Structure formats: structure tokens, C-alpha cells
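This is a predicted model, with the sequence first.
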Amino acid sequence: MKIKRENSIAVVIDVQEKLFPMISENTILEDKLCRLINGLKVLGVEILVTEQYTKGLGLTIESVRNALGNYYSPLEKMSFSCCGLDTFENKLKQSGKNTVIITGIESHVCVLQTALDLLDKGYILVVVEDCISSRNLNDKKIALNRLRDEGAIITTYESILFEMLGHSGTEEFKSISRIVK
């Protein structure tokens, strides 16, 4: 099944200032997440942002906030799963999209629990492997294995951008090509 932009909405989960420095390979994650966000904006894909207990964990990191631009309107949550927040679920329903692209931290906690809840609700779930992480890479690996077993689609940021783009020879293609280089 191909991932189509007109059916998709993306979620950036809890990429926050106080937790981010402890995340494995965080500079790689930061770069690829910003590239994905910029590509999704070119493709016109809506992006939701969550923050877990902002008072304790801070805001979304500055580079991601800058990449998000006008999309940065965080939904604060206390539950690990984004689905524990009515505003999040309402925004998903209002979008009318059936495919949810998941990014963020931590892979084995908030990302995993959100993904499992969304799968239970019947959404097609796409996890962008190089745009999620945990403090411990083994936790990320186990979470990805579980999500794959549960029916999530696992992909990379570059793959999903070109899949949703569909063809070359357009201004969007030129923009996406510049982003991934």
C-alpha cells in the first residue's frame, strides 16, 4: 500500500528541550526530523505537535520549532499516549485523514503507546524510523519490532517524502531533492 499525502497527517511527539540531550544519536535525529518536517510542509501535509508536561520537560527544541514554523501549536499532555488527550483525538478526527505519520521521542514510551492506540482505532500507522529515538537504542529496536508486528508501516524520512511526492519534474520535486541532499 502506498502512502498518499492527501490521506496523511503527521505527529511530532515530545521532542523537548530537557529530554532531548539524553536521546541516542540526537544530532542525527534532529537533522532528519527537520528535513522531514520541511518536506511535509512542501507536500502540504498537516503536522500536529505534542509536548509532555511542558513545565518539567520544556518546549519542543528550537530547531524543530523553527522547522515547524506556523505548524508549531503544541498540544500539552500528561498521558504517555497522545490519544489520552481529547484535543489530539479531536484534531485527528477533524482532519479526516486515515494515515498517521509518527515521529518523536521516546520510541518505547510515548511513540509506542500512541502508535498502539492509533492502530487500535483503525488508523494506518507509519513510523519514520530515522525520526524516532530513545535514550537506549535497544529500546528503540524493540519498540520498532513490536510496532511492525502490530501492523505499523516502518519507513525512513527520505523514502516517505518521495513516496508521497510520486513523480519528478515538478517544483515540489526540486524542493524535496534540495531538502534530502
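Nice, thanks for sending it over.

Show me which positions of the longest strand that the chain contains end up buried.
In the chain, with assignment by DSSP state E, the single longest strand is strand 124-133. Of the residues in strand 124-133, those buried by neighbour count under the rule 16 or more other C-beta atoms under 10 Å are 124-133. C-beta coordinates here come from the backbone N, C-alpha and C atoms, glycine included.

mind listing what that strand pairs with, with the direction of each?
Within its sheet, strand 124-133 is paired with strand 99-105 (parallel), strand 153-155 (parallel), according to DSSP bridges.

any chance you could map the helices in this protein?
Listed in chain order, the helices of the chain (DSSP state H) span residues 26-43, 54-57, 62-68, 86-95, 112-120, 137-150, 157-165, 171-180.

Spatially central, which residue of the protein would that be?
The residue lying closest to the centre of the chain (C-alpha atoms, centre = their mean) is residue 103, at 2.3 Å.

can you pull up the bridge partners for that one?
When bridges are taken as DSSP bridges, the partners of residue 103 come out as residue 12.

Report the outermost residue of the chain with respect to its centre.
For the chain, the residue at maximal distance from the C-alpha centroid (C-alpha atoms, centre = their mean) is residue 169, at 27.1 Å.

what's the pLDDT at that one?
Model confidence at residue 169, given as pLDDT, is 90.

now swap in residue 133 and tell me
For residue 133, the predicted pLDDT is 97.

show me the contacts for it.
Applying C-beta atoms under 8 Å, 6 or more residues apart in numbering to residue 133 gives the contacts 23-26, 29, 105-107, 140.

For residue 104, see how far away residue 149 is.
20 Å (C-beta to C-beta, to the nearest Å).

Those two - which one has more neighbours?
Remark: of residue 149 and residue 104, residue 104 carries more neighbours, 27 against 8, as counted by other C-beta atoms under 10 Å.

In this structure that one contacts residue 15, no?
Yes - with contacts defined as C-beta atoms under 8 Å, residue 104 counts as touching residue 15 at a distance of 5.4 Å.

before we move on, back to that, for the residue nearest to the centre of the chain, list the residues it contacts.
For residue 103, counting by C-beta under 8 Å, 6+ apart, the contacting residues are 10-13, 15, 33, 36, 111, 128, 131-132.

and what of residue 140?
Counting by C-beta under 8 Å, 6+ apart, residue 140 makes contact with 24, 107-108, 132-134.

Residue 155 touches residue 127, doesn't it?
Yes - contact between residue 155 and residue 127 holds when scored by C-beta under 8 Å: they sit 7.4 Å apart.

thinking again about what came up before, mean pLDDT and distance to residue 176 for the strands paired with strand 124-133 - can I get that in JSON lines?
Rendered in JSON lines, the data for the strands paired with strand 124-133 read as follows (pLDDT from 0 to 100; distance: least, C-beta to C-beta, whole Å):
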{"stretch": "strand 99-105", "mean pLDDT": "98", "distance to residue 176": "15"}
{"stretch": "strand 153-155", "mean pLDDT": "97", "distance to residue 176": "15"}
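
That's all I had, so thanks and see you.
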